[in-house]
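Chemist: 3D model of this:
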Amino acid sequence: MAEVLVKIPKELKERMSKISWIDWSSIAVKAISERLEDIEEIEIRRKVAEISEIPEDDDREVKESVCEAVVKSIEETIKSGKKPMTLEELDKLMGL
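Modeler: Sure thing, here's the model as predicted:
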């Protein structure tokens, strides 16, 4: 397993030290993992928005599986030289 050095404020370290039965390393791993999942979802949504002409103010919920399918479809379309999916086609794919 790799090691990462994390600097924290002295006051936080003092508070953590008072609770010695907690494995702070596993807490940090879980927090980083959860944050990465959030960031990866944002990146997928950003890529879908860039490629498929979705307006930035469109706040509809999009399932991750739909995002992944759209990204894959658009990448394949671009490789083939065709035009990317339109917003209307995305709505149809999502059943809207």
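Chemist: please report the distance of residue 65 from residue 88.
Modeler: Distance, residue 65 to residue 88, by C-beta to C-beta, to the nearest Å: 20 Å. (C-beta placed from N, C-alpha, C; glycine too.)
Chemist: what stretches of the protein score poorly on pLDDT?
Modeler: 52-56, 59, 62-63, 84-85 (pLDDT under 70).
Chemist: most remote residue from it's center?
Modeler: Relative to the mean C-alpha coordinate of the chain, counting by C-alpha atoms, centre = their mean, the farthest residue is residue 18 (34.2 Å).
Chemist: what about that residue, distance to residue 11?
Modeler: On the measure of C-beta to C-beta, residue 18 and residue 11 end up 11 Å apart.
Chemist: name the nearest residue to residue 22, sequence neighbours excluded.
Modeler: Setting aside the residues directly before and after it, residue 22 is nearest to residue 16 in space (C-beta to C-beta, 6 or more residues apart in numbering), at 7.5 Å.
Chemist: pull the number of nearby residues for residue 90.
Modeler: 22 (other C-beta atoms under 10 Å).
Chemist: my read: it touches residue 73, true?
Modeler: No: contact criterion C-beta atoms under 8 Å: residue 90 and residue 73 do not qualify, at 9.6 Å.
Chemist: tell me the first helix or strand C-terminal of the helix or strand harbouring residue 40.
Modeler: When elements are assigned from DSSP states H and E, residue 40 belongs to helix 24-51. Elements were assigned by DSSP H and E; along the chain past helix 24-51, the next helix or strand is helix 64-80.
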